[in-house]
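Q: Sequence and predicted structure, then a few things I'm wondering about:
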Amino acid sequence: MTIEILQVAEQVAREKGIDKQVVIDAMEIAIQTASRKKYGANKNIQARFDPKSGEFLLHQLREVVAADDEESLADTDLYISIEDALRLNPEAQLGDFIAEALPPIEFGRIAAQTAKQVIVQKVRDAERERIFEEYIDRQGQLVNGLVKRVERNNIHVDLGRTSAFLPYEEQLPREHYRPGDRIRAYIKEVRDATRGPQIILSRTHAQMVARLFEMEVPEIYDAIVEIKAVARDPGFRSKIAVRSNDSHVDPVGACVGMRGSRVQGVVTELQGERIDIIEWSPDPAVFVCNALAPAEVFKVVVDEEERNIKVVVLEDQLSLAIGRRGQNVRLASELTGWKIDIITEAEEISMRAEEFEELAKHFMQNLDLDEDVAAVLVQEGFSSSEEVAYVPLEELASIDGFDEDIAQELRNRARDQLLQQALKTEERKEELHVDPRLSELEGLNDEALILLAEKEIKTLDDFADLATDELQEYLDNGVNEEQAAALILDARRKAGWFDDEEEQESAPDAAS
């Protein structure tokens, strides 16, 4: 009997890929469940498999209680008095459990069916847990399987011991499968659902491209070549940025392979999707230029604060840089993490001319200058009255056509203009009754304070009561979400809404 039970446990464990002890535990629970049907559902029955005898030993467990505990002793199935317990076990103490052997039961049809259901359920639960633990560690990897069935364009994939699900929206365009077809996909998500683990696959995920290159390029597997970023328009075009950790290895050449053999393997797997392999660079300007390949870039202007790059190309390169339906510039932006604006050289010249004209008019109006002098200031790189007012005198005087007297006059006019502007600003703030404490908030200038006051946000409490999206709207998106949240939190602290201990817990509320 021992050999038979162990053989059954080992066979089931081997078939389901679980531990043999799990099967034996399931059998013990099944015997307990069936035993309660015979001896009483209220009894605390324990079943234990004895590998020596090959039998399941049954015991009824009763808790030892004091002799005067009449309420507990009324239930003789679960409790036993200390006097009766000592007769059975001289070492018994209060709170112990006395185990009394029960005769083995003979399974009737119903009891056997119940035991079978319990064993099947426990083994199934163990199998589901094993599958979940196995595949949760494989999330983000590639998996091979066979198409089991197709329902409403959604594909059920047989992975061997379990099944996976490939939704229609995770499939490549123009891609069709039939039952029995082999399929390779990316494990996007593993869910621990009630009916068992759900494995969600994808063939459109950007990281699938990276995993395929890891399989095709040994240098990536060996960490000689590193994949830094991937951008993808599934089924049409992908861009992958790579860098080499060895100066003797060309990262792009390693990924392309001899006569394109390596990249061709990826292209074939992705149904002909075009792959652009780009060398990564820590310099955003260089990286963006590489990412816009095959277009040639004439010039770039980098705005690091806004993470925006203006790219200037020649007229014949414009359509190539933008790509069909904006695909090339969109993928380049996604790959680099920078916003990219593409203009032609002619458009840049026109924009610079307009900007030059606007700045010249600013100096002419605010500093009462003639057109020639204003033009000289713009040509020298000045863009505001503040720059003229506080530039070193000798630097201003060194400009061709200027002397020390002209430089001093220009500085005086600029400072006078700034002073008048400041006085007007203060008058407007007083007129709107702006709370002086608002000026203490770092990151809010007078222009912003007036803008808020005109929308009835005049006190520190008014400001502290705002949500981040409201503040961004009032300031015409002059601050980002993080800056807005920090300003509101600072206002709430200055307004005394919470003490230091509460500050950390209250911080997330600023975003509400």
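A: Cool, the structure landed.
Q: Would you state the helices of the stretch 1-150 of the chain in chain order?
A: For the stretch 1-150 of the chain, the helices defined by DSSP state H, counting those that start in this stretch occupy 2-16, 20-39, 70-73, 82-88, 109-136.
Q: In contact with residue 320, which residues?
A: By C-beta atoms under 8 Å, 6 or more residues apart in numbering, the contact list for residue 320 reads 294, 295, 328. Yep, even glycine has a C-beta here, placed from its N, CA and C like the rest.
Q: switch the cut-off to 7 Å
A: Residues near residue 320 by C-beta atoms under 7 Å, 6 or more residues apart in numbering: 294, 295.
Q: Make sure it is indeed in a helix.
A: Yes. Counting by DSSP: H, G, I helix; E, B strand; the rest coil, residue 320 is found in a helix.
Q: Quick one: low-confidence residue ranges for the stretch 351-500 of the chain.
A: 498-500 (pLDDT under 70).
Q: can you give me the helices for it?
A: Under the criterion DSSP H, counting those that start in this stretch, the stretch 351-500 of the chain contains helices at 371-379, 385-390, 393-397, 404-431, 446-453, 460-464, 468-474, 481-494, 500-506.
Q: Low-confidence stretches in this structure?
A: 1-20, 23, 51-55, 105-123, 126-127, 194, 196, 498-512.
Q: Domain map for it?
A: 2-129, 138-202, 367-416, 432-511 (automatic domain parsing).
Q: Let me have these in JSON lines, extended by distance to residue 275 and mean neighbour count.
A: Shown next, in JSON lines, are the domains of the chain (distance: least, C-beta to C-beta, whole Å; neighbours: other C-beta atoms under 10 Å):
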{"stretch": "domain 2-129", "distance to residue 275": "37", "mean neighbour count": "15"}
{"stretch": "domain 138-202", "distance to residue 275": "14", "mean neighbour count": "16"}
{"stretch": "domain 367-416", "distance to residue 275": "43", "mean neighbour count": "15"}
{"stretch": "domain 432-511", "distance to residue 275": "34", "mean neighbour count": "16"}
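Q: closest one to residue 80 among the helices of the stretch 351-500 of the chain?
A: Distance to residue 80, taken as C-beta to C-beta, is lowest for helix 500-506 among these, at 51.6 Å.
Q: which SSE is residue 350 in?
A: Taking DSSP states H and E as the definition, residue 350 sits inside helix 345-366.
Q: which residues sit against that helix?
A: Residues contacting helix 345-366 (C-beta under 7 Å, 6+ apart): 298, 312, 314-315, 369, 371, 374-375, 377-378, 383, 385, 417.
Q: For my notes, please list the helices of the stretch 351-500 of the chain in CSV and give distance to residue 248 for each entry.
A: Listed next are the helices of the stretch 351-500 of the chain as CSV, based on distance: least, C-beta to C-beta, whole Å:
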stretch, distance to residue 248
helix 371-379, 48
helix 385-390, 49
helix 393-397, 48
helix 404-431, 56
helix 446-453, 54
helix 460-464, 59
helix 468-474, 50
helix 481-494, 42
helix 500-506, 50
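Q: and residue 169, which of these is closest to it?
A: Closest among those, using C-beta to C-beta: helix 481-494, at 28.6 Å.
Q: What is that closest one packed up against?
A: helix 460-464, helix 468-474 (3 or more C-beta pairs under 7 Å, 6 or more residues apart in numbering; DSSP states H and E).
Q: okay, the angle between that helix and helix 446-453?
A: Interaxial angle of helix 481-494 relative to helix 446-453 (axes from the mean of the first three to the mean of the last three C-alpha atoms, to 10 degrees): 70 degrees.
Q: CA atoms of helix 481-494 as PDB?
A: C-alpha atoms of helix 481-494 as PDB (Å, rounded to 0.1, in the frame of the first residue of the first chain):
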ATOM      1  CA  GLU A 481       2.800  69.600 -12.400                       C
ATOM      2  CA  GLU A 482       5.700  69.100 -10.100                       C
ATOM      3  CA  GLN A 483       6.400  72.800  -9.700                       C
ATOM      4  CA  ALA A 484       2.800  73.500  -9.100                       C
ATOM      5  CA  ALA A 485       2.600  70.800  -6.400                       C
ATOM      6  CA  ALA A 486       5.700  72.200  -4.700                       C
ATOM      7  CA  LEU A 487       4.300  75.700  -4.700                       C
ATOM      8  CA  ILE A 488       1.000  74.700  -3.200                       C
ATOM      9  CA  LEU A 489       2.700  72.600  -0.500                       C
ATOM     10  CA  ASP A 490       4.900  75.500   0.400                       C
ATOM     11  CA  ALA A 491       1.900  77.800   0.700                       C
ATOM     12  CA  ARG A 492       0.100  75.300   2.900                       C
ATOM     13  CA  ARG A 493       3.100  75.100   5.200                       C
ATOM     14  CA  LYS A 494       3.400  78.900   5.400                       C
END
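Q: roughly how far is that helix from the heart of the chain?
A: On the basis of C-alpha atoms, centre = their mean, to the nearest Å, helix 481-494 is displaced by 25 Å from the centre of the chain it belongs to.
Q: now stretch 463-478
A: Distance, centroid of stretch 463-478 to centroid of chain: 26 Å (C-alpha atoms, centre = their mean).
Q: And stretch 412-419, by the same measure?
A: Worked out by C-alpha atoms, centre = their mean, stretch 412-419 lies 50 Å from the chain centre.
Q: Can you give the contact residues for it?
A: By C-beta under 7 Å, 6+ apart, stretch 412-419 touches 366, 367, 368, 385, 386, 388, 389.
Q: So residue 169 belongs to a strand, correct?
A: No. Counting by three-state DSSP, residue 169 is located in no strand; its state is helix.
Q: For residue 418, see how far away residue 368 is.
A: With distances taken as C-beta to C-beta, to the nearest Å, residue 368 is found 14 Å from residue 418.
Q: meant to ask about residue 467
A: Residue 467 is 35 Å from residue 418, by C-beta to C-beta.
Q: which helices and strands does the host helix or strand of residue 199 pack with?
A: Applying DSSP H and E as the criterion places residue 199 in strand 196-202. Helices and strands touching strand 196-202, by 3+ C-beta pairs under 7 Å, 6+ apart, are helix 109-136, strand 163-166, strand 182-193.
Q: ok, now with 10 Å
A: helix 109-136, strand 142-151, strand 154-158, strand 163-166, strand 182-193 (3 or more C-beta pairs under 10 Å, 6 or more residues apart in numbering; DSSP states H and E).
Q: Please give me every residue in contact with the residue located most distally from the centre of the chain.
A: Here the chain reaches farthest from its C-alpha mean at residue 87, the gap being 65.2 Å by C-alpha atoms, centre = their mean. Counting by C-beta atoms under 10 Å, 6 or more residues apart in numbering, residue 87 touches 80, 81.
Q: Name the SS class of residue 248, please.
A: Classified using three-state DSSP, residue 248 is coil.
Q: Quick check: phi and psi at it.
A: phi -90, psi 0 (degrees, to the nearest 10).
Q: what's the spacing between it and residue 278?
A: Applying C-beta to C-beta to residue 248 and residue 278 gives a distance of 20 Å.
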